[in-house]
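predicted coordinates and the sequence they were generated for:
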Amino acid sequence: MIYRVSGVGGSEFVYSKTVDLVKVGDMKTTDFALEIGAMNYGFDLDGIIGLDLLRNLKVIINIDDLKLGSN
C-alpha cells in the first residue's frame, strides 16, 4: 500500500509492508508493519526507528550511554 505521511518537515509518500521479522540488537518482533520512503533529507540517514517499534520491543533508552536495551 502507498500512502502519504506528514510530519514536522512536511509530507511524503511511503510504501507500507508487513515484514516477518525486525531485529534491533538482541531484541526482535515478528509480523511488523514498516513504512519505506525516499528519505532525502539532505544528510546521510539509513532509517528512522519509530515509537511504534520501540514500544513493541519494550525498549529502555539509556540517554547517558546512548544505548537501547530491554528488561
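All right, it came through fine. Numbering: from 1, shown residues only.

residue contacts, residue 32?
By CB atoms under 8 Å, 6 or more residues apart in numbering, residue 32 lies in contact with 18-19, 21-22, 53, 56. Glycine gets a C-beta too; all of them are placed from N, C-alpha and C.

of the residues you listed, just the buried ones, ChimeraX syntax please.
Typed into ChimeraX, the line below selects the buried ones among the contacts of residue 32, using 16 or more other CB atoms under 10 Å:
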select :22,53
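
distance to residue 67 and pLDDT for the contacts of residue 32 - can I get that in a markdown table?
Supplementary listing: those in a markdown table, determined by distance: CB to CB, whole Å; pLDDT from 0 to 100:
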| residue | distance to residue 67 | pLDDT |
| --- | --- | --- |
| 18 | 28 | 94 |
| 19 | 24 | 95 |
| 21 | 22 | 96 |
| 22 | 18 | 94 |
| 53 | 16 | 94 |
| 56 | 18 | 94 |
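
got the contacts of residue 32 as TSV, with distance to residue 44 columns?
Shown next, in TSV, are these (distance: CB to CB, whole Å):
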residue	distance to residue 44
18	27
19	23
21	25
22	21
53	21
56	26
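
what sits against the residue nearest to the spatial centre of the chain?
Closest to where the C-alpha atoms of the chain average out (CA atoms, centre = their mean) is residue 49, at 2.7 Å. Residues near residue 49 by CB under 8 Å, 6+ apart: residue 24.

same question, the one 5 residues further on
Listed by CB under 8 Å, 6+ apart, the contact partners of residue 54 are 61, 68.

is it in a helix, a strand, or coil?
Put simply, residue 54 is helix when judged by DSSP: H, G, I helix; E, B strand; the rest coil.

now the helices for the protein?
With DSSP state H applied, the chain shows helices at 51-57, listed in chain order.

pull the longest strand from it.
Looking across the chain with DSSP state E, the single longest strand is strand 10-24.

packing partners of that strand?
strand 2-7, strand 27-36, helix 51-57 (3 or more CB pairs under 8 Å, 6 or more residues apart in numbering; DSSP states H and E).
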